[in-house]
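In: Provided below for reference: sequence and predicted model.
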Amino acid sequence: MRFSVFFCLLFLSILYFSLAQGSYEDCCLSYVKEIKSTTKRRVDYYRRQEQDGGCNLPAIVFKLKRGRLFCARPGEKWVQELITQVDKMRKQNPSNKRNKHSKHRQ
């Protein structure tokens, strides 16, 4: 009897921890202060991170052409300028490399 209770508790605790690990989100934990102009030219995409769920910071997550990510404070002037630049680039070239690669990966 004790063994079955122990086994049941062990099973439930393992199940609990495995579910808890799967619930973590990919969130920004800090911001970059500034980036070089050469890095700004390599930004391919961005997304907004809202302050909800498991993410404690509102952020703009920029993705470079080779896949590297960095987080920036949404209210900063250089961040807003970079968002405008990326939006303009995507309007001029709607069939950019990111869209082509994402089709092949699916």
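Out: Ah, there it is.
In: tell me the secondary structure of Arg47, please.
Out: strand (DSSP: H, G, I helix; E, B strand; the rest coil).
In: ok, Lys77 - contacts?
Out: Counting by Cβ atoms under 8 Å, 6 or more residues apart in numbering, Lys77 makes contact with nothing. In this view, the C-beta of every residue, glycine as well, is placed from N, C-alpha and C.
In: how far away is it from Asp52?
Out: 25 Å (Cβ to Cβ, to the nearest Å).
In: check contacts around Gln85.
Out: With Cβ under 8 Å, 6+ apart, Gln85 has these contacts: 40, 43.
In: mind checking the SS state of it?
Out: Assignment for Gln85 (three-state DSSP): helix.
In: helices of the chain, residue ranges please.
Out: Using DSSP state H, the helices of the chain run over 2-22, 37-40, 77-92, 97-105.
In: list the buried residues in the third one.
Out: Applying a neighbour-count criterion of 16 or more other Cβ atoms under 10 Å, the buried positions in helix 77-92 are 79, 82-83, 86, 90.
In: could those be laid out in JSON lines, adding distance to Val43 and pLDDT?
Out: Shown next, in JSON lines, are the buried residues of helix 77-92 (distance: Cβ to Cβ, whole Å; pLDDT from 0 to 100):
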{"residue": "Val79", "distance to Val43": "11", "pLDDT": "97"}
{"residue": "Leu82", "distance to Val43": "6", "pLDDT": "97"}
{"residue": "Ile83", "distance to Val43": "9", "pLDDT": "97"}
{"residue": "Val86", "distance to Val43": "6", "pLDDT": "96"}
{"residue": "Arg90", "distance to Val43": "11", "pLDDT": "90"}
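In: where does this protein dip in pLDDT?
Out: 3, 5-25, 95-106 (pLDDT under 70).
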